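> Mind looking at a prediction? Sequence and model below.
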Amino acid sequence: MEFDWSNPYPTLRSPVMARNVVATSQPLGAQAGLRMLLRGGNAVDAAIAAAAAMTIVEPVSNGLGSDLFALVWDGSQLLGLNASGVAPAAWSPQYFERRHGGTLPVRGWDSVTTPGAVGGWAELSRRLGRLPLGDVLEPAIELAERGHAVSCIVARKWEAQAPLLNEQPGFAETFLPRGRAPRPGERFEFAAAGATLRRIADSDGEDFYRGRTAERLVAHAREHGGSLSLQDLAQWRPEWVQPISKDFAGFTVHEIGPNGQGIAALMALGMLDKLGFGHLPVDGVESQHLQIEAMKLAFADTYRWVADPRAMTEVHAADLLDDAYLAQRAARIDRGRAGDFGHGTPPRGGTIYLSAADEHGMMVSLIQSNYMGFGSGVVVPDLGISLHNRGQGFTLQPGHPNLVQGGKRPFHTIIPGFVTRQGRPRMSFGVMGGNMQPQGHLQTLVRMLAHAQQPQAACDAPRWKVGTGLSVDCESTMPAGTVEGLRALGHVIAADGDPYMDFGSGQFVWKLSDDAHDGYVAASDSRRDGQAVGY
């Protein structure tokens, strides 16, 4: 790839080039990963160290009670890890009818599925790491026990979430240490999380699922009306999976398959490939319109058919990615008018993202999340564990493959991405932010792969985000002429009301050549406090 190394968009950042790199949405997290590389660890060690540190320095987005997905180029092949949790065995539609009047709660213990991130770290470390897990968790333990100065954007997100969650068990006690959210530069200590991390380190993760930590988690659930059991925790395991993929612009884009929403990005890219749009000006109205329409079509199918793959008995991932089906869906796009699409019927057949790569060719694309900001809002104070609310990803619609059921994985928003060319690794990447994630994947990949924009420029470029119906939110930096052109095509330009998710935040690590000595170029999104670092 011969990138155009200019950057036509407002930015505070330049791409970072080095033989060993880590990029995250918070500088102390990136530096935790870099410490492992300097110690002789590999990219997996760096990724775990950064992920653990991020639970401390960006608690607005993730915690020890998160879920996790990862794509890893191990030097010869691409591996996928699904470390998302499952519903407690007690859950069923009748459970929520009886306890919540037939609704799925957004917060509280009845939105919490089995947390998977810690199990994901342990599994990655066991199979692919070079350093002991205890060494890898040292930076996170130090940040938790000594405290750290809260960064600017994290402080802003923290303050926005606090009024929504201060009634949840343990939240105010843990995350409002002065009766309010910390301000930029104020020190936040998280000693309880540090102690839990030490038990995780000493037990290679076992304590979280089958030890003292598990017992205390279940006791807290019982105290506050939750149904998580010791058996739920003990029986859960992360799962190695085969990634799904789609060719686009001469490259192959890889995602984790269902229960994640990465398939939506692949479907949209597949539709665009049928439309021959690569010659259009990248920031022009027609290019943006076609991308928006492809994304809406992909979402319509994703929300109808995607679930735990064990429950996708009617429509499978391969059906949704079928070339003939995507051509049929692309044909529904009107180049002169915005559309409001329903799902098709294929032929039968609060998040942090980080990337790390080392000089030996290992590359890691990792994402973990508590979902809506601080997730469920539930915190077990003596453990320092804040818990996600991934139960919200289920549905109560009868007959839907994503219908809530005990032992089942919910529909998931978090998606790590990876790009290869002719079977060789090119880029690990991801964009955090709810349903903005596949939209961010689509927009940045179009810029890099079809228009040769360098990673930092593609990262900094203005983004749009589709809503319901004809609604689209456009970032303020998008050219006024493009916004007006979209409006003229029937798109309803509406400001999004979610100040936490906004337009996502990405990290990108691109391999400069097949020669490992040439290293990588890394980009970090200026929409967060993030940083790309390397040596």
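In hand now; what should we look at?
> Poorly predicted segments of this structure, please.
By pLDDT under 70, the low-scoring segments of the chain are 345, 347-349, 496-501.
> From the chain's centroid, how far away is the helix of greatest length in it?
Counting residues, the longest helix in the chain under DSSP state H turns out to be helix 285-305. Relative to its chain's centre, helix 285-305 lies at 19 Å (Cα atoms, centre = their mean, to the nearest Å).
> immediately after that helix, which helix or strand?
Later in the chain than helix 285-305, the nearest helix or strand by DSSP states H and E is helix 317-320.
> Can you name the helix or strand that the closest residue to R447 other than its chain neighbours falls in?
Of all residues not flanking R447 in the chain, A458 sits nearest, at 3.8 Å (Cβ to Cβ, 6 or more residues apart in numbering). Placement of C-beta: from N, CA and C, glycine included. Taking DSSP H and E as the criterion, A458 maps to helix 455-460.
> ok, now P115?
Short version: P115 belongs to no helix or strand, going by DSSP H and E.
> Please report the number of neighbouring residues for it.
31 (other Cβ atoms under 10 Å).
> Tell me which residues touch the residue nearest in space to the middle of the chain, please.
By Cα atoms, centre = their mean, the mean C-alpha position of the chain lies nearest to I414, the distance being 3.3 Å. Residues near I414 by Cβ atoms under 8 Å, 6 or more residues apart in numbering: 67-69, 260, 351, 367-369, 432, 437.
> now it, what's its secondary structure?
coil (DSSP: H, G, I helix; E, B strand; the rest coil).
> which helices and strands does the longest helix of the chain pack with?
Judged by 3 or more Cβ pairs under 8 Å, 6 or more residues apart in numbering; DSSP states H and E, helix 285-305 is in contact with helix 262-275, helix 317-320, helix 323-330, helix 436-445, strand 464-466, helix 480-488.
> 7 Å instead, please
On a contact count with 3 or more Cβ pairs under 7 Å, 6 or more residues apart in numbering; DSSP states H and E, helix 285-305 meets helix 262-275, helix 436-445, strand 464-466, helix 480-488.
> I'd like to check the angle between the last one and helix 285-305, please.
With axes from the mean of the first three to the mean of the last three Cα atoms, to 10 degrees defining the directions, helix 480-488 sits at 50 degrees from helix 285-305.
> now do the second one
When the same axes, to 10 degrees is applied, the directions of helix 436-445 and helix 285-305 differ by 150 degrees.
> which other helices and strands contact helix 436-445?
When contacts are defined as 3+ Cβ pairs under 7 Å, 6+ apart, helix 436-445 packs onto helix 262-275, helix 285-305, strand 424-432, strand 464-466.
> Point out the most buried one among those.
Comparing those by mean neighbour count (mean count of other Cβ atoms under 10 Å), strand 424-432 ranks first with a mean of 27.
> what angle sits between that strand and helix 262-275?
120 degrees.
> other SSEs contacting strand 424-432?
Short answer (3+ Cβ pairs under 7 Å, 6+ apart): strand 424-432 packs on strand 351-357, strand 363-369, strand 417-421, helix 436-445, strand 505-511.
> Adjacent strands (with direction) for the third one?
Taking DSSP bridges as the criterion, strand 417-421 pairs within the sheet with strand 251-255 (antiparallel), strand 424-432 (antiparallel).
> In CSV, please show the C-alpha coordinates belonging to the shortest one.
The reference is to strand 251-255. Output of strand 251-255 as CSV, limited to C-alpha atoms (Å, rounded to 0.1, in the frame of the first residue of the first chain):
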residue,chain,number,x,y,z
PHE,A,251,-7.7,-6.8,0.8
THR,A,252,-9.4,-9.3,3.2
VAL,A,253,-11.2,-7.8,6.2
HIS,A,254,-11.6,-10.2,9.2
GLU,A,255,-14.0,-9.9,12.2
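> which residues are contacting that strand?
Contact with strand 251-255 is made by 71, 78, 243-246, 262-263, 265-266, 269, 415, 417-421, 426, 445, 449, as judged by Cβ atoms under 7 Å, 6 or more residues apart in numbering.
> at 8 Å what do you get?
71, 78, 243-247, 262-263, 265-266, 269, 415-421, 426, 441, 445, 449.
> Please indicate which of those are buried?
Buried members of the contacts of strand 251-255, scored by 16 or more other Cβ atoms under 10 Å, are 71, 78, 243-246, 262-263, 265-266, 269, 415-421, 426, 441, 445, 449.
> circling back to that earlier point, quick one: closest of the strands paired with strand 417-421 to P132.
strand 424-432 (24.1 Å; Cβ to Cβ).
> picking that back up, could you point out which of the helices and strands packed on helix 285-305 sits nearest N402?
Among those, helix 262-275 comes nearest to N402, with 13.3 Å by Cβ to Cβ.
> Give me the contacts around that closest one.
Contacts of helix 262-275 (Cβ under 8 Å, 6+ apart): 244-249, 253, 255-257, 290-291, 294-295, 297-299, 301-302, 306, 317, 320-321, 323, 326-327, 329-331, 333, 415-417, 437-439, 441-442, 445-446.
> ok, 7 Å please
Helix 262-275 is contacted from outside by 244, 246, 248, 253, 255-257, 290-291, 294-295, 297-299, 301-302, 306, 317, 320-321, 326-327, 329-330, 333, 415, 417, 438, 441-442, 445, using Cβ under 7 Å, 6+ apart.
> picking up where we left off before, filter the contacts of I414 to the buried ones?
Buried among the contacts of I414 (16+ other Cβ under 10 Å): 67-69, 260, 351, 367-369, 432, 437.
> List just the nearest of those to L124.
L68 (8.8 Å).
> I'd assumed the closest one was in a helix, is it?
No: read with three-state DSSP, L68 is strand and lies in no helix.
> Find the nearest non-adjacent residue to S111, please.
S111 sits nearest to N389 (Cβ to Cβ, 6+ apart), 3.7 Å away.
> what number of residues lie near the one you found?
Using other Cβ under 10 Å, N389 is surrounded by 27 other residues.
> related to what we said a few turns ago, can you put the helices and strands packed on strand 424-432 in a markdown table and add distance to Q405?
Formatted as a markdown table, these follow (distance: least, Cβ to Cβ, whole Å):
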| stretch | distance to Q405 |
| --- | --- |
| strand 351-357 | 25 |
| strand 363-369 | 22 |
| strand 417-421 | 29 |
| helix 436-445 | 25 |
| strand 505-511 | 33 |
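> Tell me the secondary structure of Q392, please.
helix.
> Quick check, it in contact with S111.
Yes: with contacts defined as Cβ atoms under 7 Å, Q392 counts as touching S111 at a distance of 5.5 Å.
> now the helices: where do they sit in the stretch 1-150 of the chain?
Along the stretch 1-150 of the chain, counting by DSSP state H, counting those that start in this stretch, helices occupy 27-38, 43-57, 93-100, 117-128, 133-136, 138-146.
> Could you pull out the buried residues of the third one?
Going back to what we said before, that points to helix 93-100. The neighbour-count check on helix 93-100 (16+ other Cβ under 10 Å) flags 93, 95-96 as buried.
> coming back round to it: tell me what the helix holding A458 is packed against?
Against helix 455-460 (3+ Cβ pairs under 7 Å, 6+ apart) you get strand 505-511, strand 520-524.
> What angle do strand 363-369 and the longest one make with each other?
Computed by the same axes, to 10 degrees, the angle separating strand 505-511 from strand 363-369 equals 170 degrees.
> mind listing what the closest residue to S369 other than its chain neighbours touches?
Using Cβ to Cβ, 6+ apart and skipping residues adjacent in sequence, the residue nearest S369 is T351, 3.6 Å away. Applying Cβ under 7 Å, 6+ apart to T351 gives the contacts 61-62, 367, 369, 414, 432-433.
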